[in-house]
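[1] no letters, just coordinates:
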């Protein structure tokens, strides 16, 4: 069996979790807990194994031939429009499937413990499997349309999983919000596809990407920006980020898998996939980069004042995604992918750790009612701290390398403004994560005030407890990855250990080459990045050393004063949207529905009817019923005829 | 001589016509009609249409006018008719149209665009055969078919008139149907 | 005797036209059905006069034949028409044409 034969079987990768979803949906209830969980995990793990095999197969090919379309069938054939249901294995997609299936498998394992006792246990795993299948279709698709199919699929699963506990009204609302906001982005994606088809004639990646440099500036910029709109929706950038914080209503594994590691990266993936369009356009990249940078800073400020343990991580995700967009905006695609991978590791770690904490304090999520949990949950705390250091960007953990790479590339691409914004956001990142760690795990055991931890009537108040092993194993694995993960792309080109860079090079041929001006400059930048990380940590510890203040308020927020209130409320963005939609937008809609549609258009149609009715009514009066009037009419006719004859006679 | 008779008869005709239209009492209208009919008969005579003139007097002037007077008195409608006109535009429109009509006919009469080709039916009465003979000859040869049909028509008219004017028994208000069964 | 213009057929035609018009206007203006009928007779007579005039002018007997038939038909028509009026009168007490307005729209 040659490597190509193995690659032709790439369709197995998404098929496995899809099969798992079907099995669990049909027989899940009968299979029951915990077997359903193990089955789900098994399917995803098998997909991971096959992904590894596929990766090795691709790796065995020479670098310029690493490109293969799997077996499949023709999905749509309409005139000149043709879309094949085949999967593309190339460096980018194999990278994606590795970490998607890997992280997903770990989270499935974790969920067996976390979802213990839930009445819809098997349904959860069915949805998770369905999600993984959709994500794999998205990543492996050989054309924009196939990616879009997966795109919609993950959107659907996101909705299903966010509102998994739909008995809670807030969860159901959050699910809808996610779906609707995503839809706005999807609209941009669809328009992009229409444009691509119109300009290029095919939605196949190979064809479209090859044609991109030859299109006009307006075309490529339009396509690039429309794709970016889709990415903004899916990856929760400003202004379509509002769904992500609310999505924390879903179970924590969902937040970890979908809203940290995988689905939200789909937007970045799409841009990297379509990078020839972004490279060809002169201005699209700038818009992407600045949107990303702005979002990174914006979300980081909001994260500084959040009280809910998961909300901090949600805004953190938005912020870190902003870094990824910053990277693709300046053309540093492999840096973005590198950051995506390591972010998946430590963000999933942080979320799962938060889930472990929540589990340990009996579903309390407010950080003001935690504290000092280090003593009760040492393993959770340990892994969480690893994640904290990673995200803050402390050497030698992964976050440092990846974030530094992005900022350096921005600097050497002469985008100093972006570099500065990124640096400031890094300080904030370090700060709010330190705040979180201190409030949760260190001084001040405030968990006794939590209503979740009060006496349940069985004699003693519960204490926080460590999570079961099944939940801890994924934490350990992820922590390990967060430490050593950077080895896939150490930035030392001369020694050829920037493995990821080289691996992804074939698909980035049209990307700009950004090289450091000198080793010294690169070293200085790295030092700067490390410095700001440490500064953030130090400030954080200084402020939150004693947990909350004696009056129960957040000391950092008090220092920020009115600004803190603004941050806490997310710059009133959500409220603003709600006010706008219920106010002016509804007024416009009402005007259009009643004023235009009912009164004008319907009125015109009805008006025609009325006019004829009235005309008929008026004409009816001619029928007087009087014989003599009719006789008069006859005579009148006779006069007319004679008139005609008379005119003929004269001519 | 001829002109004198014409003018006299013309005056009589017009006077009679106006009388028919303007008289309030229907009986007076009938009498004015009589005047008109007899004057027209005289005009016929002047135009060498002796038989037609005779028939005019015998049929029209006597039988028909008498019939009219019979019905008027039978129905008792010899009372006067009110002068009010419910339909406002009727009178002015009628008069206007009438004037127009008159002018148009006169105008057309003065033009020779009518084909006016002589038919082959034969001339009016010659010196030897009088008008009656000529008319009879034409009637019984060329128009015999129409003549016979006319006879049938008269029979139908008689029957119809009797049927219509019969009392329809005790059943008044019965709707469709030919009035009454025979 | 003063010299008067010789009477050409046009004079007769004009007279007939006038008779016809008067009959027509009378038909439109009067409401008594019997008087309306008499006006119809006037119009018929005008037509007859025209025919006889043309018979004389064109030296053709056909004109008079037509008048003959017209007279016969007019007689029949009067008979039937009056019968109808009598039939109507049985339902109402007078016979103005304005009462027959059942076809009013």
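    The structure has been received and is ready for your questions. Please read all numbers here as calculations on a predicted model, not as lab measurements.

[2] so residue A:149, which of the three states?
    With DSSP: H, G, I helix; E, B strand; the rest coil as the basis, residue A:149 sits in helix.

[3] now it: closest residue in space that isn't a chain neighbour?
    Among residues not flanking residue A:149 along the chain, residue A:137 sits closest, at 5.9 Å (Cβ to Cβ, 6 or more residues apart in numbering or on different chains). Where C-beta positions appear, they are placed from N, C-alpha and C, glycine not excepted.

[4] how many neighbours does the one you found have?
    Around residue A:137 there are 25 other residues, counting by other Cβ atoms under 10 Å in any protein chain shown.

[5] could you pull out the strands for chain A?
    A:68-69, A:73-78, A:81-85, A:88-89 (DSSP state E).

[6] does chain B sit close to the helix or strand of chain C with the lowest mean pLDDT?
    Least confident helix or strand of chain C, by mean pLDDT, DSSP states H and E, is helix C:62-91 with a mean of 88. Yes: Helix C:62-91 is in contact with chain B by Cβ under 8 Å from any Cβ of the partner chain, via C:62, C:64-65, C:67-69, C:71-80, C:82-87, C:89-91.

[7] other SSEs contacting that helix?
    On a contact count with 3 or more Cβ pairs under 8 Å, 6 or more residues apart in numbering or on different chains; DSSP states H and E, helix C:62-91 meets helix B:50-55, helix B:65-75, helix B:131-141, helix B:144-165, helix C:33-58.

[8] are the last one and chain B in contact anywhere?
    Yep, that's helix C:33-58 we're talking about. Yes: judged by Cβ under 8 Å from any Cβ, helix C:33-58 and chain B are in contact via C:34-35, C:37-39, C:41-42, C:45, C:48-49, C:52-53, C:55-56, C:58.

[9] that helix packs against which elements?
    Short answer (3+ Cβ pairs under 8 Å, 6+ apart): helix C:33-58 packs on helix B:2-22, helix B:26-46, helix B:65-75, helix C:9-29, helix C:62-91.

[10] tally of neighbours for the closest residue to residue A:52 other than its chain neighbours?
    Nearest residue to residue A:52, sequence neighbours excluded (Cβ to Cβ, 6+ apart): residue A:98, at 6.9 Å. When neighbours are counted by other Cβ under 10 Å, residue A:98 registers 16.

[11] pretty sure residue A:98 contacts residue A:51?
    Yes: Residue A:98 is within contact range of residue A:51, at 5.3 Å (criterion: Cβ atoms under 8 Å).

[12] coming back round to it: who's in contact with the residue nearest to residue A:149?
    Applying Cβ atoms under 8 Å, 6 or more residues apart in numbering or on different chains to residue A:137 gives the contacts A:14, A:87, A:146-147, A:149-150, A:153.

[13] any idea how far the closest residue to residue A:367 other than its chain neighbours is from chain C?
    Spatial nearest neighbour of residue A:367, chain neighbours left out: residue A:439 (4.6 Å); criterion: Cβ to Cβ, 6+ apart. Relative to chain C, residue A:439 is positioned 90 Å away (criterion: Cβ to the nearest Cβ, to the nearest Å).

[14] show me the contacts for the closest residue to residue A:426 other than its chain neighbours.
    In space, and not counting its chain neighbours, residue A:426 is closest to residue A:532: 5.0 Å by Cβ to Cβ, 6+ apart. The neighbours of residue A:532, taking Cβ under 8 Å, 6+ apart as the test, are A:393, A:423, A:426-427, A:430.

[15] the closest residue in space to residue B:73 that isn't next to it in sequence: neighbouring residues, count only.
    Residue nearest to residue B:73 in three dimensions, not counting chain neighbours: residue B:27, with 7.6 Å by Cβ to Cβ, 6+ apart. Around residue B:27 there are 15 other residues, counting by other Cβ under 10 Å.

[16] what does stretch A:144-151 contact?
    Outside stretch A:144-151, the residues that reach it (Cβ under 8 Å, 6+ apart) are A:75-76, A:83, A:85-87, A:134-139, A:141, A:186, A:189-190, A:192-193, A:196, A:203, A:205, A:208, A:230, A:234, A:266, A:270, A:273-274.

[17] now the buried members of those residues.
    Among those, those classed as buried by neighbour count (16 or more other Cβ atoms under 10 Å in any protein chain shown) are A:83, A:85-87, A:134-139, A:141, A:186, A:189-190, A:192-193, A:196, A:203, A:205, A:208, A:230, A:234, A:266, A:270, A:273-274.

[18] where does chain B have low pLDDT?
    Across chain B, the ranges flagged by pLDDT under 70 are B:77-87, B:111-130, B:167-182.

[19] how close does residue A:424 get to chain C?
    86 Å.

[20] touching, that residue and residue A:297? I think so.
    Yes: here residue A:424 reaches residue A:297: they are 6.2 Å apart, a contact under Cβ under 8 Å.

[21] how about residue A:231, what does it touch?
    Shown in contact with residue A:231 (Cβ under 8 Å, 6+ apart): A:185, A:237, A:266-268, A:270-271, A:325.

[22] which of those sits closest to chain C?
    residue A:185 (64.4 Å; Cβ to the nearest Cβ).

[23] where does the closest one land on pLDDT?
    As predicted, residue A:185 sits at a pLDDT of 90.

[24] apart from its chain neighbours, what residue comes closest to it?
    residue A:233 (1.6 Å).

[25] mind listing what that neighbour touches?
    Counting by Cβ under 8 Å, 6+ apart, residue A:233 has contacts A:181-186, A:188, A:240, A:267.

[26] in helices, which of the contacts of residue A:231 appear?
    A:185, A:266-268, A:270-271, A:325 (DSSP state H).

[27] and those residues, which is closest to chain B?
    residue A:185 (73.4 Å).

[28] quick one: pLDDT of the residue in chain A that chain B sits nearest to?
    For chain A and chain B, the shortest gap (Cβ to the nearest Cβ) falls at residue A:642, measuring 4.1 Å. What the model reports as pLDDT for residue A:642 is 87.

[29] give the burial count for residue A:368, as a bare number.
    Residue A:368 is flanked by 19 other residues according to other Cβ under 10 Å.

[30] how far away is it from residue A:207?
    56 Å (Cβ to Cβ, to the nearest Å).
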